[in-house]
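Student: just coords:
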């Protein structure tokens, strides 16, 4: 069982930046994939970015060049640095863990945080 707690969301103007943090209850060095997903009202949850234990990363096309995912194995933390934010980035952001790559890289794992709201005003 992996417990995840997100923080760092808030209200920001378009063009601004936020850094989301995800604290894990387990040693993330043992978790194959950590990811960030988001869900806007009326839309499906979508992958934002993920990072593997080998530090390979993948990003949604809509955030490439603006967002950066990183992990600090010593602190059991995963971060999402979000720059040049746009109103369309407004959503609830969720941290996700897939310790054993149970579902492959294209699907989320079983463990979710409670989410942190990001609102970007125009």
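Tutor: In hand now; what should we look at? Since this is a predicted model, take the numbers as computed values, not measurements.

Student: what's across from the spatially most central residue of the chain in the sheet?
Tutor: Central residue of the chain (CA atoms, centre = their mean): residue 36, 2.0 Å from the mean position. When bridges are called by DSSP bridges, residue 36 pairs up with residue 49, residue 95.

Student: which residues touch it?
Tutor: Residue 36 is in contact with 20, 22, 47-50, 69, 78, 80, 93-96, counting by CB atoms under 8 Å, 6 or more residues apart in numbering. Where you see a C-beta, it was placed from the backbone N, CA and C, and this is true even at glycine.

Student: do residue 76 as well
Tutor: Applying CB under 8 Å, 6+ apart, we find residue 76 in contact with 23-28.

Student: same question, residue 58
Tutor: Here residue 58 is in contact with 47, 49-50, 105 (criterion: CB under 8 Å, 6+ apart).

Student: swap in residue 102?
Tutor: By CB under 8 Å, 6+ apart, the neighbours of residue 102 are 109-110.

Student: ok, now residue 86?
Tutor: 14, 120.

Student: measure it to residue 41 for me?
Tutor: Distance of residue 86 to residue 41, given as CB to CB, to the nearest Å: 16 Å.

Student: could you do residue 59 as well?
Tutor: Taking CB to CB, one finds residue 59 at 23 Å from residue 41.

Student: more neighbours, the two?
Tutor: Between residue 59 and residue 41, counting by other CB atoms under 10 Å, residue 59 is the more crowded of the two (18 against 7).
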